[in-house]
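Enquirer: need coordinates for the below:
(chains A and B)
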Amino acid sequence: MLFRIKRFDGEKEYWSEYEVEVRKGMTVLDALFYIRENLDGSLAFRVSCRMGVCGSCAMKINHKPRLACETQIADLKSDVIVIEPLDNYKVIKDLIVDFDGFFKKHAKVKPYLIRKVENYEKPVELIQTPKQLDSYYQFALCIKCGACYSVCPASATRKDYLGPAAFASAYRFIKDSRDEGKEERIPEVACDGGVWRCHFAAECSEVCPKNVDPAKAVQKLRWEAVKHSIRSLLRW
Amino acid sequence: MRVQHDIVIVGAGLAGLRAAIAAAEKNKNLSIAIISKTYPIRCHSVCAEGGTAAVLREDEGDSFDLHAWDTVKGSDFLADQDAVEFFVREIPREILLLDNWGCPWSRREDGKIAQRAFGGQSFNRTVFAKDRTGLHEVHTLYERSLMYPNIVRYDEYFLTNLIIEDNEIRGVTAIELKTGDLILFEAKAVILATGGAGRLYGFTTYSHQVTGDGMAIAYRCGIPLKDMEFFQFHPTGLVPSGILISEAARGEGGYLRNKFGERFMEKYAPERMELAPRDVVARAMWKEIIEGRGFESEHGAYIALDLTHLGEEKIEERLPLIREAAKKFVGIDPVEEPLPVRPVAHYTMGGIHTNMWTETPVKGLFAAGEVACVSIHGANRLGSNSTAECLVFGRVAGEKAAEYAMRKDLKHVSNEIYKEEEKRIYDEFLGKSGDESPYQIKKELNEVMDKCFWIFRTGEEMKEGIKKIRELKERYKNVEIVDKKRRFNTDLIYAFEVGFMLDLAEVVAVCAYARTESRGAHYRLDYPNRDDENWLKHSLAYYTPQGPKLEYIPVKITKWKPVERKY
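Expert: Residues are numbered from 1 along each chain as shown, chains lettered A, B, ... in the order given. Predicted coordinates:
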């Protein structure tokens, strides 16, 4: 099987081609390891858990962002496998892109539980029914692999657009029955680079390997933002 | 380049993140740095599945003494009992803190935190978030850490050395992967939280990143490693990849069957059956396989993990991750068919020698989590006590390091030390040529570990193994790094990691060969019994250029005298 891999060494972009003998059950990550260990030690890619949990190995495989570790080569039903780094990020080297901006955007939406009263030394058990848990749980499954951001047209055109993953996270906390920080969080997601910039291409939800559905989160957040504005007006 | 912080934490998994938060809570004026070779949420802690043990319901019959006793018995009496007693009392608060910080714990109908059964735990005390416990714990701590302005992160920095002068820590050096520059971090206190050493083995549940960096660097700096002969084999690694199938699968009622369909655990642990501790279950499975009662496959023999009687609803509610993994990686839905599993390298019981306050023999240097050996796990860790350990001792390390840093002044590191390290890395290592591939050496190392230091060990085989590891160490001196550029050089990092693993393998091997008894996970066919008279003691391995030098220290026993271990 032919692997065509887009390379970048800090100065120039080029393509490398490798022939890999594919066996049953082999994943794209297995093939990348094979190449690095046997054919070209300079090929750089990120890897950690190899079981779809850590989010390290998202890359474009045959033009679609996927986790290399859980992509079976046989499932691609193709004679050539084309591998490129994710779009909408600065490439550092080969398949490794710069995630600093992505994580900064995530941090911006206050992605943590906000409680009015905290007791670090003597915390108490909070009550949350299974139904309340279910109402946000799907959005807590985001592993920040960045696949959604790679296909997002709004992220492609605006540098300050916070992006699908950050919104999924914001919505996850707004929906958490233990959270008391909605009023602080909504202005962060309804800002200039916020939810109103979304084009509703919904490709983010399409490519998400964990079925988080960020597009749904954006829609729900817009409604929350509207409610928030009305509440503010009434108070004013 | 050099930077200064009061505290530098190396490693951004559960223990490292928890330590950072604890230090920040202790004093908001301390400058706290976390450096790690991955982004925090890419750490191996996210792979923890089944849960975290904690006594939450004394009113329903659980007790601290019971958790401590289970842990001590599980450890085959090698755990330090003062540390275990402290540990079990601390963990409930950690569970509640995570609840207050947003961890999506699974719940009972009444809205309280749910708990499930686990191996060797004699009460249903394992708190969980479906079977993605580690993932949610790490994300919760990472997100919480964003709230503290005095926590600064250095993501994707690779630790190369500790700087110690007059037996006092001065800082660390690390490569900034993005640029390839060597950075000198000067600090008053340093916490190592770099995780275990599981990639020593080929068939393993561990993430690729878990190469024992912190352990090996500490060892080379003269800090002893404790109880390294004790390596845990988890009963259920998915065949052929070794991906972890959580013990929760058995906690929720799953069966282990041999090729005759028999639940063979009734022969080995009639009371606890599939929920005996991991060493007992892994040995039983291995015995079934060796004696020809495993299933045959192109990827070797396996045992069937049967969940089909649990029903789709329960599997989807309690074990969604392993269902997803099984479907994606072997194309089997556990709702319909049993899963092919085999014991798999899973946890490093040993580690950097610390006391129960996470202090190492070097002043200002602390260690917490899997990199450390406190010890609370002794010769065999109970499932759901590792994430608990990271939380409890991560916190302790953060607080102790903060207290230490608050009473110390920063001492500067000379430029010579930085220059020497830079020369060692770039001129002597990256720059040299040779005819050995680090990938090939790693492959052979894995083979020897899987063969000679696996579940059943013999003196003869181990002796051969030590010889082979030493040959590999010799060959490693001749390694060549193909990629000569500094920018994000994963080839260079890999070569470093292989060097770390070779040193650690030698320690595991020499300690295992020396211990002429069977205890917990260390089982010798030539010495099949526990020998308390001679071996109720911890081993300490010190670095020498000729190989590890061993010493022994006594086990701390408070309440529980060693008795025969039956399940």
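Enquirer: helices along the stretch 1-150 of chain B, start to end?
Expert: Assigned by DSSP state H, counting those that start in this stretch, the stretch 1-150 of chain B shows helices spanning B:14-26, B:64-74, B:81-100, B:133-145.
Enquirer: ok, longest helix in chain B?
Expert: helix B:490-514 (DSSP state H).
Enquirer: contact partners of stretch B:413-421?
Expert: With Cβ atoms under 8 Å, 6 or more residues apart in numbering or on different chains as the test, stretch B:413-421 has contacts from B:2, B:160, B:161, B:163, B:170, B:171, B:173, B:182, B:184, B:186. (Glycine included, C-beta is placed from N, CA and C.)
Enquirer: alpha carbons of it, as CSV, please.
Expert: What follows is stretch B:413-421, C-alpha atoms only, in CSV (Å, rounded to 0.1, in the frame of the first residue of the first chain):
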residue,chain,number,x,y,z
VAL,B,413,22.8,27.2,38.6
SER,B,414,26.1,27.9,36.9
ASN,B,415,26.3,28.4,33.2
GLU,B,416,28.7,25.5,33.0
ILE,B,417,26.1,23.0,34.0
TYR,B,418,23.8,24.3,31.3
LYS,B,419,26.6,24.2,28.7
GLU,B,420,27.6,20.7,29.7
GLU,B,421,24.0,19.4,29.3
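Enquirer: can you pull the buried residues of stretch B:289-303?
Expert: Neighbour-count burial for stretch B:289-303, with 16 or more other Cβ atoms under 10 Å in any protein chain shown as criterion, is recorded at B:289, B:293, B:294, B:295, B:301, B:302, B:303.
Enquirer: could you export these as JSON lines, including distance to residue B:373 and pLDDT?
Expert: As requested, the buried residues of stretch B:289-303 are exported to JSON lines (distance: Cβ to Cβ, whole Å; pLDDT from 0 to 100):
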{"residue": "B:289", "distance to residue B:373": "30", "pLDDT": "98"}
{"residue": "B:293", "distance to residue B:373": "35", "pLDDT": "98"}
{"residue": "B:294", "distance to residue B:373": "33", "pLDDT": "98"}
{"residue": "B:295", "distance to residue B:373": "36", "pLDDT": "98"}
{"residue": "B:301", "distance to residue B:373": "33", "pLDDT": "97"}
{"residue": "B:302", "distance to residue B:373": "32", "pLDDT": "98"}
{"residue": "B:303", "distance to residue B:373": "30", "pLDDT": "98"}
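Enquirer: list the contacts for residue B:187?
Expert: Counting by Cβ under 8 Å, 6+ apart, residue B:187 touches B:4, B:5, B:6, B:7, B:8, B:33, B:169, B:170, B:171, B:172, B:405, B:410.
Enquirer: quick one: which of the residues you listed is most hemmed in?
Expert: Neighbour tally across the contacts of residue B:187 (other Cβ atoms under 10 Å in any protein chain shown): the maximum, 31 neighbours, falls on residue B:7.
Enquirer: wait, that residue touches residue B:399, no?
Expert: No. Applying Cβ atoms under 8 Å, one finds residue B:7 not in contact with residue B:399, separated by 10.8 Å.
Enquirer: hey, what's in contact with both of the two?
Expert: In contact with both residue B:7 and residue B:399: residue B:23, using Cβ under 8 Å, 6+ apart.
Enquirer: can you give me the neighbour number for the closest residue to residue B:80 other than its chain neighbours?
Expert: Once flanking residues are discounted, residue B:80 sits nearest to residue B:556: 4.1 Å by Cβ to Cβ, 6 or more residues apart in numbering or on different chains. For residue B:556, the neighbour count with other Cβ under 10 Å is 15.
Enquirer: repeat for residue B:414
Expert: Using other Cβ under 10 Å: residue B:414 sits among 11 other residues.
Enquirer: how close does it sit to residue B:421?
Expert: Distance, residue B:414 to residue B:421, by Cβ to Cβ, to the nearest Å: 11 Å.
Enquirer: same question, residue A:96
Expert: For residue A:96, the distance to residue B:421 - Cβ to Cβ - is 24 Å.
Enquirer: the two: who's more crowded?
Expert: residue A:96 (23 against 17).
Enquirer: that one is in contact with residue A:45, isn't it?
Expert: Yes. Here residue A:96 reaches residue A:45: they are 6.5 Å apart, a contact under Cβ under 8 Å.
Enquirer: list the contacts for residue A:39?
Expert: Residue A:39 neighbours (Cβ under 8 Å, 6+ apart): residue A:18.
Enquirer: flag the shaky bits of chain A, pLDDT-wise.
Expert: A:236 (pLDDT under 70).
Enquirer: outline the domain layout of it.
Expert: A:2-96, A:99-234 (the TED database).
Enquirer: same list, these, but as TSV with distance to residue B:53 please.
Expert: TSV is the format used below for those (distance: least, Cβ to Cβ, whole Å):
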stretch	distance to residue B:53
domain A:2-96	21
domain A:99-234	16
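Enquirer: now residue B:49. Nearest residue, chain neighbours left out?
Expert: Per Cβ to Cβ, 6+ apart, closest to residue B:49 is residue B:246, 3.6 Å.
Enquirer: my reading is that that neighbour lies in a helix. Confirm?
Expert: No. Counting by DSSP: H, G, I helix; E, B strand; the rest coil, residue B:246 is not part of a helix but coil.
Enquirer: I figured it hits residue B:322, correct?
Expert: Yes. With contact defined as Cβ under 8 Å, residue B:246 and residue B:322 form a contacting pair (5.8 Å).
Enquirer: name the residues contacting each of these two.
Expert: Common neighbours of residue B:246 and residue B:322 (Cβ under 8 Å, 6+ apart) are B:49, B:131.
Enquirer: residue A:199: how many residues sit nearby?
Expert: Count around residue A:199 with other Cβ under 10 Å applied: 13.
Enquirer: er, residue B:437 actually
Expert: Residue B:437: 19 neighbours (other Cβ under 10 Å).
Enquirer: show me the contacts for residue B:264.
Expert: Contacts of residue B:264 by Cβ under 8 Å, 6+ apart are B:256, B:257, B:258, B:284, B:288, B:293.
Enquirer: try it again at 7 Å.
Expert: By Cβ atoms under 7 Å, 6 or more residues apart in numbering or on different chains, residue B:264 lies in contact with B:256, B:258, B:284, B:288.
Enquirer: one more: residue B:186?
Expert: B:2, B:4, B:170, B:171, B:410, B:412, B:413.
Enquirer: what about 6 Å?
Expert: Residue B:186 sits next to B:4, B:171, B:413 when contact means Cβ atoms under 6 Å, 6 or more residues apart in numbering or on different chains.
Enquirer: how about the nearest residue to the first one, chain neighbours excluded?
Expert: If you skip the residues right next to it in sequence, residue B:4 has residue B:186 as its closest partner in space, 4.7 Å away by Cβ to Cβ, 6+ apart.
Enquirer: quick one: pLDDT of the one you found?
Expert: Listed pLDDT for residue B:186 reads 98.
Enquirer: how about the secondary structure of it?
Expert: strand.
Enquirer: so in terms of bridging, what pairs with it?
Expert: residue B:4, residue B:171 (DSSP bridges).
Enquirer: what distance do you get for it to chain A?
Expert: 24 Å (Cβ to the nearest Cβ, to the nearest Å).
Enquirer: one step back: ok, the residue nearest to residue B:49 - contacts?
Expert: B:49, B:50, B:131, B:322.
Enquirer: rerun that using 10 Å as the cut-off
Expert: Listed by Cβ atoms under 10 Å, 6 or more residues apart in numbering or on different chains, the contact partners of residue B:246 are B:47-51, B:118, B:128, B:130-133, B:234, B:236, B:252, B:254, B:318-319, B:321-322, B:325, B:383-384.
Enquirer: likewise for residue B:220?
Expert: B:161, B:162, B:499, B:500, B:503, B:543.
Enquirer: tell me what angle the host helix or strand of the second one forms with helix B:490-514.
Expert: Counting by DSSP states H and E, the element that carries residue B:162 is strand B:157-165. When axes from the mean of the first three to the mean of the last three Cα atoms, to 10 degrees is applied, the directions of strand B:157-165 and helix B:490-514 differ by 60 degrees.
Enquirer: nice, that's everything, thank you.
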